[in-house]
Every structure is written in structure tokens, then in C-alpha cells.
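Q: got a predicted structure plus its sequence, pasted below:
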Amino acid sequence: MVYVPTRGDAPARIGPGVRQIPEWGAKTVDSNVYADPTRYELERERVLRVSWLLAGRSTEIPNAGDWLSYEGHGETVVVTRQPGGGLAAFHNVCQHRGPAIVGPLGGCGARRFTCPYHGWVYDTTGLLVGVPEREDFSAEHLEGMRAPAVAADEWGGWVWINLAGPTAAPPLMEWIGDDIATDLGRFQMESMILTDKLEFDVPVSYKAIVDGFNEVYHATELHQAPPEFTKAARGTAFHLVGQNSMMFVPNPARLAELNETWDHHRNTICHYVVFPNTVFNCNPDQIQVFNPVPMGVDRTRFICWELMYDGDADDPEYQTYRAGADRHWEGLKHVVGQDIAIYEQLARTKQSMGYVRNTLSDRECKISKYHDTMDRLIRDAR
Ligand code: FES
């Protein structure tokens, strides 16, 4: 685990085993990374096809035969719950002449999937099990045919997929890493309930959206954060862990307890980015998951999930908790609207000759590291 210090009189650290890595301080990032179609194709091939990506909540597919689909960066995938409780996933592509086998949503209790064009039939793992007028085809061509398998796994109550496939993908927990699995794991997302989900079609690169969640610098101007928040936020701790990162933003109302206990779960906003596009924003009593799914070089489906803890709806204590959490989420939806407004301003300049580079500060070190990781993965995959 590594740590980039802020300057001035900020709280010194959160968490053990820290060291300084000043190389991730002030840097520049070329603006082409957001708008270059050639670069985007390299990301599709060398990053998005080998990374673990969020596909949905485990509770969306609780029973055997339940399924959901993933749509992004030109790929469409079906994830199914198997009779043994595990998952199978496969490319949603009919191997006869290529159309998607199922629609873009999900369903329950499926035993087979039938292509709507000529009726080829696949089982819930993607294996071809039926071909009308089979005798007209070469038996050799059809032998063992299947929609190509995709790796699928679960952690934190989430369904994750990796397009590299079950044999080539690294283990999901290796990708998330011990630091994030342990620290984020404390929130026990698997026991939380989904209370809201928003989707926006945004005309900018998914990376521009991730950037916004990789710093807290914008909160003062864009979100009109009060001065005490801005002052406390200068004590933000940044942990760069493998290709992922963590960021702990002190709650100004709980600074005394934070300085006394170093309990960041209770006294900061805990923020985690699992590369390349899964963002967890954790308050002590609720979590927002932000998932910008690339749909093109400069177009993104931006999904926002709201999780709260479950409880007895008749319990007055739980009613108080839910009312407070609901109020907080209403406020955060306003904040998301402000973020969307900035993406629209970024969309206006994405082709401008006046936009050449980003000039980043020490406290935008997570953005520097993120783009460096993207560069490295593209370079090393050659
Ligand atoms: Fe799917 Fe023909 S394209 S059955």
C-alpha cells in the first residue's frame, strides 16, 4: 500500500504501512487520451477485453436460469445463474450468422436461449444444443460449437465479468487486490440492498468520468462544498494499490474522532476505484457505485447504483436510518446532476484545438496514476 501526502497541516496518514511516492504528484496528461479513436480501439482490445468489469447485482439473478446481459464497448454478454449456484457467461452472439441471441435486459428461469433468426438453441452456458434442419450443415462445423465463454465471478454482492474468458482471466480477487478487498469489504456490500439505479447517456469518454471520481479538488467550486469540507479535504489520504486506488476524505464534523482513532470507515468518505471503471463511494451508512460503461470513444453509459443497509421496515430505529439515508441520496443526486453538467461542458471542447492537455496537481495523483496504468497496459500488450 502506498500513500501520497498532501501538503500543509493536513492529518498525516490513514492506515499502516505507508510510504511517499512523489512521482505521482503534479503531471500532465495529453487530451488525446479522451478523443482519439485509434487509442480507444487499443483500449477496447488491450484493456477492456482483459479487465474485470461490473455487470450487475448478484440479487438480479438469484435462481437457476436467471440471467442478465452486459452491453458495452461493442460487446454483448449473457450471464446466467447455474443450478449449482455459480455463474456462467458467454458472448451473446449466435454462431450461425452473428446476431445477438437475447435482448439487452434480463430474465428469469431460462433453460434454453433460442436465436430469433433461424432458431439455433443454446443452453445456459452458451453451448449449442439445437439446430433446425441440422442435416443441411456439416457435422464437423457444428461439433462442440458454443458461444464463446466469458469469465464470471461474484464479490461484494456484485456480478463481474472478464472477456478474456475463464482460462485466461486472472482471478477476480487478484484483480481487486487484498487492500481493497479488506478495506472495502468492511462495508459488507453483499448484505446491502439496492434502493435506486440511475442511467445517463453522456457524450464524453468514460475516462473523463473516472477522472472526476479520482479527486476531491472539484468539490469546492462545482458542488459548492462548505469551507470546512474544503479545509478537511486537504487531509485526504491517497492509496495507490496496484492498478487500483483508495482515497479517504475526512468528514469535517468528525475530525476529532478521526485524529484520535484513525477509524477511517466511520470518519471519512471512503472511496475505491477498481480499474478501469468501477467506483465505490462509501459513507458509513450507504454506498454509491458509479460505473461509466464505454459505448464509444466519446460516449458513455453512466450507471449510478445506490446501496443501503437492510432492516425491519417496522422498526422505528430503521425508519430513522432510512429516512436519513434517503435524504442524503436525494442530495447526492443533485451532486450527480452537477457532474453531468460538467461532462456536457467537456463535450463542447473535446474537438477543440485549444484543449491540448490536463495540468494536474499533487492532489490529482490518482488521475496521473490511472492514465499511466492505461498507457502501460496498452504498451505491454504489444
Ligand atoms: Fe442465429 Fe441463424 S443467425 S440461428
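A: Perfect, I can see it now. Residues are numbered from 1 along each chain as shown.

Q: got the contact list for the helix or strand containing Thr182?
A: In this assignment (DSSP states H and E), Thr182 forms part of helix 178-185. If you take Cβ atoms under 8 Å, 6 or more residues apart in numbering as the criterion, helix 178-185 is touched by 1, 15, 155-156, 173, 239, 241, 244, 246, 265, 270, 272, 274, 280, 282. Every residue, glycine included, has its C-beta placed from N, CA and C.

Q: now the element after that helix, going C-ward?
A: Past helix 178-185, the next helix or strand by DSSP H and E is strand 192-202.

Q: starting at the chain centroid, how far to that following strand?
A: Computed by Cα atoms, centre = their mean, to the nearest Å, the chain-centroid distance of strand 192-202 equals 12 Å.

Q: partners of that strand in the sheet?
A: Looking at strand 192-202 with DSSP bridges, its partner strands are strand 299-309 (antiparallel).

Q: which single residue in the stretch 151-300 of the chain comes nearest to the ligand?
A: Relative to the ligand, the nearest point of the stretch 151-300 of the chain is Leu163 (20.9 Å; Cβ to the nearest ligand atom).

Q: which residues does that residue contact?
A: Leu163 neighbours (Cβ under 8 Å, 6+ apart): Leu48, Arg49, Val50, Leu53, Glu75, Val77, Val150, Ala151.

Q: any chance of the residues you listed in CSV, plus distance to the ligand, pLDDT and neighbour count?
A: What follows is the contacts of Leu163, written out as CSV (distance: Cβ to the nearest ligand atom, whole Å; pLDDT from 0 to 100; neighbours: other Cβ atoms under 10 Å):
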residue, distance to the ligand, pLDDT, neighbour count
Leu48, 25, 98, 21
Arg49, 23, 97, 17
Val50, 28, 97, 17
Leu53, 26, 98, 24
Glu75, 18, 98, 17
Val77, 17, 98, 23
Val150, 19, 98, 26
Ala151, 24, 98, 21
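
Q: could you check the pLDDT of Ile21?
A: Looking at Ile21, its pLDDT reads 46.

Q: thought Asn63 was touching Pro83, still the case?
A: No. Using Cβ atoms under 8 Å, Pro83 is not in contact with Asn63; the gap is 9.5 Å.

Q: in the stretch 51-200 of the chain, where is pLDDT below threshold?
A: Judged by pLDDT under 70, the stretch 51-200 of the chain has no weakly predicted residues.

Q: run the last query once more with 90
A: Per-residue confidence for the stretch 51-200 of the chain (pLDDT under 90) gives these ranges: 104-105.

Q: quick one: name the residues of it near the ligand.
A: Cys94, His96, Arg97, Pro99, Cys115, Tyr117, His118, Gly119, Trp120 (Cβ under 6 Å from any ligand atom).

Q: buried ones among those?
A: Buried by 16 or more other Cβ atoms under 10 Å: Cys94, His96, Cys115, Trp120, out of these.

Q: show me which pair in the residues you listed is furthest apart.
A: His96 and Cys115 (6.7 Å; Cβ to Cβ).

Q: which among the contacts of helix 178-185 end up buried?
A: Met1, Trp155, Gly156, His239, Val241, Asn244, Met246, Cys270, Tyr272, Val274, Phe280, Cys282.

Q: filter those residues down to the ones in strands?
A: Of the buried ones among the contacts of helix 178-185, the ones assigned to strands by DSSP state E are Trp155, His239, Val241, Asn244, Met246, Cys270, Tyr272, Val274, Phe280, Cys282.

Q: residue nearest the centroid of the protein?
A: Thr278 (1.5 Å; Cα atoms, centre = their mean).

Q: now do the contacts for it.
A: Applying Cβ under 8 Å, 6+ apart, the residues near Thr278 are Leu53, Leu54, Val289, Asn291.
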